[in-house]
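>>> Generate a structure from the sequence data that follows.
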Amino acid sequence: RVSEQIKRHLSVLISKEISDPRLGMVGISAVTLSKDYKAATVYINVFKEEEIEDSMAALRSAAGFLRQQLSQSLNQRGTPKLVFEHDTSIKEGIALSKLIDSVQ
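Next up, the predicted model:
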């Protein structure tokens with residue numbers, strides 16, 4: 001439940017509040033929280049392959065700002081530290097699908 005709230009709030013914050021020119025078109029695929037709620041891993045999809053490194057760098061540099069904004073919108077005692085990771089599951093799924101199709 002908390003991870004879905006974080007995902008929703010971060011999606012809005014990233015699209016409306018981050019004006020870093022390095023940031024391309026990104027989407028949040030998932031948010032996982034540590035057991036103690038002190039860290040949140042945010043899995044990011046970057047839609048253009050050539051924008052992955054710059055977009056991830058932009059998000060990592062904005063992590064403190066995003067955490068501060070998130071703390072104002074969440075009704076929790078503490079706000080988790082944000083760790084951004086590139087989500088490769090879509091690319092892996094496509095590769096797996098192509099592999100299955102090549103066998104058939």
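
>>> How far off centre is the helix or strand bottoming out on mean pLDDT in the chain?
Using mean pLDDT, DSSP states H and E, helix 89-103 stands out as the lowest-scoring helix or strand of the chain, at a mean of 80. Remark: helix 89-103 is offset 23 Å from the chain centroid, using C-alpha atoms, centre = their mean, to the nearest Å.

>>> now the helices for this structure?
2-17, 52-61, 63-73, 89-103 (DSSP state H).

>>> Of all those, which one is nearest residue 79?
helix 63-73 (3.9 Å; C-beta to C-beta). C-beta here means a position set from N, CA and C on the backbone, and glycine is covered the same way.

>>> Mind listing what's buried along that closest one?
Of the residues in helix 63-73, 66, 69, 70 count as buried by neighbour count, 16 or more other C-beta atoms under 10 Å.

>>> next one: stretch 71-84
Buried residues in stretch 71-84 (16+ other C-beta under 10 Å): 79, 80, 82, 84.
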